[in-house]
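Novice: generate a structure from the sequence data that follows.
(one chain, ligands or ions: 1)
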Amino acid sequence: MMWTFTKMHGAGNDFVVLDGMSQPIEMTPERARALADRHFGIGADQVLLVEAPSHPQADFRYRIFNADGGEVEHCGNGARCFVRFVHEQGLSRRNPLRAEICTGLITLHESESGEVSVDMGQTRYGPEATAFDAAGLESEPCGDDTLWRLPLPEGGYALLSLVGISNPHAVQVVNDVASAPVATHGPHIATHPRFRQQVNAGFMQIIDRHTIRLRVYERGAGETLACGTGACAAAVAGIRRGLLDSPVRVHTRGGPLLISWQNERLTMTGPAETVFSGTVDIDALVRRQAARPQP
Ligand SMILES: N[C@H](CCC[C@H](N)C(=O)O)C(=O)O
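Specialist: Just a heads-up that it's a prediction; the model follows:
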């Protein structure tokens, strides 16, 4: 079966975007993995699927699949690309758009300059918001936040803020993101059994009260050049810890994002880029990848 797709990115976090309105698309973990594979497929951090909504007030349903094939709750950079895609493909001229995600509705607005602002929906905190098993674990208060001491393989512990932006985040402060142990502590935290649904592991460096640098080891994708929900989680954690004030400019390896958090309303603003479009024989792609010799 031939699928038309568009390759896009938001601050370097890249996506395969599919219009499930004009073509019959049934997404499976195998198909998402095959599309996202950077050597045998198209290559992306996530696959985004645009569908007709089931919520009466939504314009579209917006589904997100990580490179490992898992369907997840939210993707901030993807949301900006989603609204650009809908407008570019002529699926709707509405602006702002209302998209249905698993926890409700988010509102997206594309400005004349091409920047996109997203009302990121609900923000929650703590173990309940991140499916974290805190039993028997030490914690410490920090401003309005609670920091959890997650033991590290080499001894010591990571001091984590737990934030839900519909998807789960564990954020820590580091002295220097460039030298932070993202490649080792990232997967340790992201796949730690205490996180029953795994977690996105954020490493933020405080520059001043309105500026941070951030790296995120993403659940189901590994380190990405940018993570929109991760930028939101880091800004919220920093504000709750008393280290930051809204708005927060978040410098990621793929570019800057602006996060505003006022009266519990969380807004992210940033770029969305279309790279190319194409067609792919999805069944042949999955078949070829299934036939690959195992190392
Ligand atoms: N890896 C995330 C989904 C993508 C989030 C990120 N790409 C963003 O821009 O928010 C998760 O498993 O919750």
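
Novice: quick one, what contacts Asn167?
Specialist: 72-75, 200, 219, 229 (Cβ atoms under 8 Å, 6 or more residues apart in numbering). Bear in mind the C-beta positions are built from the backbone N, C-alpha and C, glycine included.

Novice: can I get these in JSON lines with secondary structure, distance to Glu140 and pLDDT?
Specialist: As requested, the contacts of Asn167 are exported to JSON lines (DSSP: H, G, I helix; E, B strand; the rest coil; distance: Cβ to Cβ, whole Å; pLDDT from 0 to 100):
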{"residue": "Val72", "secondary structure": "strand", "distance to Glu140": "30", "pLDDT": "97"}
{"residue": "Glu73", "secondary structure": "coil", "distance to Glu140": "28", "pLDDT": "96"}
{"residue": "His74", "secondary structure": "coil", "distance to Glu140": "28", "pLDDT": "95"}
{"residue": "Cys75", "secondary structure": "coil", "distance to Glu140": "31", "pLDDT": "96"}
{"residue": "Asn200", "secondary structure": "strand", "distance to Glu140": "22", "pLDDT": "98"}
{"residue": "Arg219", "secondary structure": "coil", "distance to Glu140": "25", "pLDDT": "98"}
{"residue": "Thr229", "secondary structure": "helix", "distance to Glu140": "25", "pLDDT": "98"}
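
Novice: near the ligand, list only the ones from those residues.
Specialist: For the ligand, the contacts drawn from the contacts of Asn167 by Cβ under 6 Å from any ligand atom are 72, 75, 200, 219, 229.

Novice: residues in a beta bridge with the first one, which ones?
Specialist: Applying DSSP bridges to Val72 yields these beta-bridge partners: Ile64.

Novice: tell me where the protein has helices.
Specialist: Using DSSP state H, the helices of the chain run over residues 29-36, 76-88, 126-129, 182-190, 228-240, 282-290.

Novice: show me which residues of the protein sit near the ligand.
Specialist: Proximity of the chain to the ligand, by Cβ under 6 Å from any ligand atom, involves residues 13, 45-46, 64, 66, 72, 75-78, 167, 200, 218-221, 224, 227-229.

Novice: sort out which of those residues are buried, if you could.
Specialist: The neighbour count (16 or more other Cβ atoms under 10 Å) marks 13, 45-46, 64, 66, 72, 75-78, 167, 200, 218-221, 224, 227-229 as buried among the residues of the chain next to the ligand.

Novice: of the helices of the chain, which is nearest Pro53?
Specialist: helix 76-88 (12.0 Å; Cβ to Cβ).

Novice: mind checking how far the closest one is from the chain centre?
Specialist: Taking Cα atoms, centre = their mean, to the nearest Å, one finds helix 76-88 lying 13 Å from the centre of the chain it belongs to.

Novice: likewise stretch 213-222?
Specialist: On the basis of Cα atoms, centre = their mean, stretch 213-222 sits 8 Å off its chain's mean C-alpha point.

Novice: is it correct that Glu138 is in contact with Arg149?
Specialist: Yes - with contacts counted by Cβ atoms under 8 Å, Glu138 reaches Arg149, the gap being 4.5 Å.

Novice: who has more neighbours out of the two?
Specialist: Arg149 (14 against 11; other Cβ atoms under 10 Å).
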